[in-house]
Structures are given as structure tokens and as C-alpha cells.
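Q: Could you look at this predicted model? Sequence included:
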Amino acid sequence: MIFLFPTEFEASRLRALRPDLDIRICGIGAVETATEVARILRTEREPLLLCGIAGAYDHSLQKGDVVAVTEERFAYLSTGYDRSYLATMVVEDLPMVRSNTVSHCSMAADGAEIENMEGAALFALAQAEGVCCGEIRAISNYVGEERSEWNIDLALENLTNTILDLNIE
């Protein structure tokens, strides 16, 4: 399995604890993610698990909660052009959510529980290429909240612990 993280900062705790895992940085945003996933898929067909932080629309989710994304959509496409992409791998025993992939924070929820900036790009490319993919996110903030109120440290600690609990060999 290949673990994708948008930033080295998000990956650093896991990399320090499990240097044996295949951890890659996909970059921030859909374009960076699509570019890296396309690069990976040229030579590899391993399952891809996107991991990182997210903002929650749904206030029943707490900062630090780790969730499994079952569905992604590009939130900024006009009605009629938008479409949803489904995960082909879902980490069990985590709350399951729908997510908007956004180009900037604080877009309308439109049925999603969380937002991030990379997920739909991964799901779209993996689906097109027939590669298994999934996504887990840790809630660092509520959508619309000032960055000073985010709890990135708690989110990344819980995300790392969740990945370690997966018992990946």
C-alpha cells in the first residue's frame, strides 16, 4: 500500500515511527495530487490511501476525529458537470463521511460532512485506472473557522495513531 499525504508535515510523524512504509507526498490541491498519482500509476498498481487533515461542516464531528471518506466530489464545478467518485477501499471501524474537494476553504457543504483539497483527484484517477484507493482524514477544524482555532497537532496525532492501528506489514 502507498500512503499519500498532501504535505511532509502531515506525513512526518508516521514516517518517523514507520520508516518502512511507502509514504509519498502528493502536494496540496487537486492538480498537484493528480500529477503525483498519474506519476505513480505509470509504474505501480498498489492500493493508494490518502491521509491528511480536513475541515468539518458537520459539528457532530469533533476536532481530532478520524474519518473514512466514502465519496468525493469537486465542489467548485457547476451543476450538471459535477460528479461523485466512490472509494474502492474503506477503512472499517471509522465514521464514514462524504467529502467535498475544494479549491479554497469554506465552500457550501452541499451534503458533505467534510472538505479537503485533494480527495476527488485521487478517486477520479484511481477509478479511471482501476486501482484500489481510499482516504482517511482527521478533523483539524470546522469550515469557516479562523486558522488560529484549528487543532492540527491533535488531528495529526490521532491520524498517525489510526494508521498505526491498521497493523500494516
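A: Ah, there it is.

Q: lowest average confidence, helix or strand, in this structure?
A: strand 84-86 (a mean of 88; mean pLDDT, DSSP states H and E).

Q: Quick check: neighbours of it in the sheet, parallel or antiparallel?
A: strand 66-74 (antiparallel) (DSSP bridges).

Q: before we move on, the earlier item: for the least confident helix or strand of the chain, give me every contacting residue.
A: The contact list for strand 84-86, computed with Cβ atoms under 8 Å, 6 or more residues apart in numbering, reads 70-73, 98, 120, 123-124, 127. In this view, the C-beta of every residue, glycine as well, is placed from N, C-alpha and C.

Q: Could you pull out the buried residues of that strand?
A: Neighbour counts using 16 or more other Cβ atoms under 10 Å place residue 85 of strand 84-86 among the buried residues.

Q: tell me how far it is from the chain's mean position?
A: 13 Å (Cα atoms, centre = their mean, to the nearest Å).

Q: in the chain, which spans are helices?
A: 8-17, 30-41, 119-129, 152-165 (DSSP state H).

Q: Tell me if I'm right that residue 11 and residue 17 touch.
A: No: using Cβ atoms under 8 Å, residue 11 is not in contact with residue 17; the gap is 10.9 Å.

Q: related to what we said a few turns ago, burial-wise, tell me which of the helices of the chain comes out on top.
A: helix 119-129 (a mean of 22; mean count of other Cβ atoms under 10 Å).

Q: what angle separates that helix from helix 30-41?
A: 30 degrees (axes from the mean of the first three to the mean of the last three Cα atoms, to 10 degrees).

Q: And for helix 119-129, what's in contact with it?
A: Under Cβ under 8 Å, 6+ apart, the answer for helix 119-129 is 4, 26, 30-31, 33-34, 37-38, 41, 48, 50, 69, 72-74, 85-88, 99, 101, 131-133, 135, 137.

Q: for the record, mean pLDDT for stretch 51-63?
A: Across stretch 51-63, pLDDT averages out at 96.

Q: Can I get the contacts of strand 84-86 in JSON lines including distance to residue 92 and pLDDT?
A: Shown next, in JSON lines, are those (distance: Cβ to Cβ, whole Å; pLDDT from 0 to 100):
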{"residue": "70", "distance to residue 92": "11", "pLDDT": "97"}
{"residue": "71", "distance to residue 92": "16", "pLDDT": "95"}
{"residue": "72", "distance to residue 92": "18", "pLDDT": "93"}
{"residue": "73", "distance to residue 92": "23", "pLDDT": "89"}
{"residue": "98", "distance to residue 92": "17", "pLDDT": "92"}
{"residue": "120", "distance to residue 92": "22", "pLDDT": "93"}
{"residue": "123", "distance to residue 92": "18", "pLDDT": "96"}
{"residue": "124", "distance to residue 92": "24", "pLDDT": "94"}
{"residue": "127", "distance to residue 92": "21", "pLDDT": "95"}
